[in-house]
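A.B. asks: test case, fold it:
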Amino acid sequence: MRTVILSFLLLLLQSLSAIDVAAFMNEPDGFWGVTWGAPLDKHFTQDDFVGFSSDEKSSKYQVLRDSVPLEVDNVRLYGMVFSFFKGVAWKVDMEARLLQAGKLLELFRVKYGEPSRVTDVSQFTKEHAWSGEITDISLVTSLNFYDGKTIDIATASLQSKKIKSQLDDKIEPVVTEQKLPIDAIAGFRDRKWGSGLNKALTYLPLEQEPFYEYLIKGDDMVFEGVYAREIRYRFHNNRALQKVELHFSGRQNYLKLKEACFKLFGTTSRFEQGEIRWIGRKTTASLSLTIDAKGTWLSKLNLFGFGTQ
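C.D. replies: This next block holds a predicted model:
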């Protein structure tokens, strides 16, 4: 009899332990009012589309706000993207920068409790994970060299365990040799990556050493029918064209620009560090969006040439 009771208690303790491991405080079944399994057309339109994942089976849509910066519980985000598989929501990714990165981690700790696991990915990167019955959460904090500065970045991902398992069953090996229109792009307009300054043009210097940046006097400011506020040309060591940076403002200009980029570079894209990215063999392009304190939409298109360092 004693043996039976001890066995029962042992099984009970194991069951309770398993429940603790498979759940965490306030475990969500979605995010931002979007429940896992919710249909795409209930929350997003084509304007929000930002491409496909690498397997081209899970589409991605960006949360866009018309007039105010994107926030979650007073934490300002650089971007938020939902992923849909077979037309239903299964994952959300978000990013915060600088002071907001630390605030996002603190928010998750208050909301969901201490992480189930903390992993040192590298000297400057940590992953905080919460594993639940319905949702898995990963929040990675890191120091990144971005746009000439070393800054804090926090990227968080929440995903449905059930739909993720279905997606894993359907994913085929990624075809890494797939060619995109961007593979044929080797510069900007008639200027090839690695080319020098054109003596027939007047360059207006902005920055120096080691990346010399210029504006061009009388430059054509219209790109694919969208007017740019500024076009910057960067030359490595003042010799080789390495990067072109185009700045735009306004909601409609961003939407037109995004559509033009899909036509120019292809529909397969990535959304990383708050940017839509196209990776080619000679050129990489990235399109980013921020909304300032006055609600103005500010977008930037970067074109970078490989092998120009």
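
A.B. asks: walk me through the domains of the chain.
C.D. replies: Listed domain ranges for the chain are 11-170, 181-305 (source: automatic domain parsing).

A.B. asks: now mean pLDDT and mean neighbour count too, for the ones you listed, in TSV please.
C.D. replies: Where C-beta positions appear, they are placed from N, C-alpha and C, glycine not excepted. TSV is the format used below for the domains of the chain (pLDDT from 0 to 100; neighbours: other Cβ atoms under 10 Å):
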stretch	mean pLDDT	mean neighbour count
domain 11-170	86	16
domain 181-305	93	16
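
A.B. asks: can you give me the strands in the stretch 201-309 of the chain?
C.D. replies: Assigned by DSSP state E, counting those that start in this stretch, the strands in the stretch 201-309 of the chain fall at 203-207, 211-216, 222-223, 226-227, 230-236, 240-249, 270-272, 275-279, 283-291, 297-305.

A.B. asks: ignore the last one, the stretch 1-150 of the chain
C.D. replies: Per DSSP E, counting those that start in this stretch, the stretch 1-150 of the chain carries strands over the ranges 30-31, 34-35, 49-52, 58-62, 71-72, 75-76, 79-85, 88-97, 117-122, 125-131, 135-146, 149-160.

A.B. asks: so what touches the first one?
C.D. replies: Put plainly, it is strand 30-31. The set of residues external to strand 30-31 that reach it, using Cβ atoms under 8 Å, 6 or more residues apart in numbering, is 36, 38, 89, 92, 158, 160.

A.B. asks: hmm, try it at 7 Å
C.D. replies: Contact partners of strand 30-31, identified using Cβ atoms under 7 Å, 6 or more residues apart in numbering, comprise 36, 38, 89, 92, 158.

A.B. asks: sorry, back to before: out of the strands of the stretch 201-309 of the chain, which comes closest to Glu114?
C.D. replies: strand 270-272 (27.7 Å; Cβ to Cβ).

A.B. asks: from the chain's centroid, how far away is stretch 213-229?
C.D. replies: 26 Å (Cα atoms, centre = their mean, to the nearest Å).

A.B. asks: I'd like the numbering to begin with 427 instead of 1 from here.
C.D. replies: Noted, 427 is the first residue going forward, which turns the last one into stretch 639-655.

A.B. asks: got the end-to-end distance for it?
C.D. replies: Taking Cα to Cα, to the nearest Å as the measure, stretch 639-655 stretches 16 Å from start to finish.

A.B. asks: same check, this time on stretch 533-549
C.D. replies: End-to-end distance for stretch 533-549, by Cα to Cα: 23 Å.

A.B. asks: partner residues bridging Ala580?
C.D. replies: Ala522, Thr567 (DSSP bridges).

A.B. asks: ok, it touching Ser564?
C.D. replies: No - using Cβ atoms under 7 Å, Ala580 is not in contact with Ser564, being 10.9 Å away.

A.B. asks: Phe730 contacts Lys669, doesn't it?
C.D. replies: Yes - using Cβ under 7 Å, Phe730 makes contact with Lys669 at a distance of 4.8 Å.
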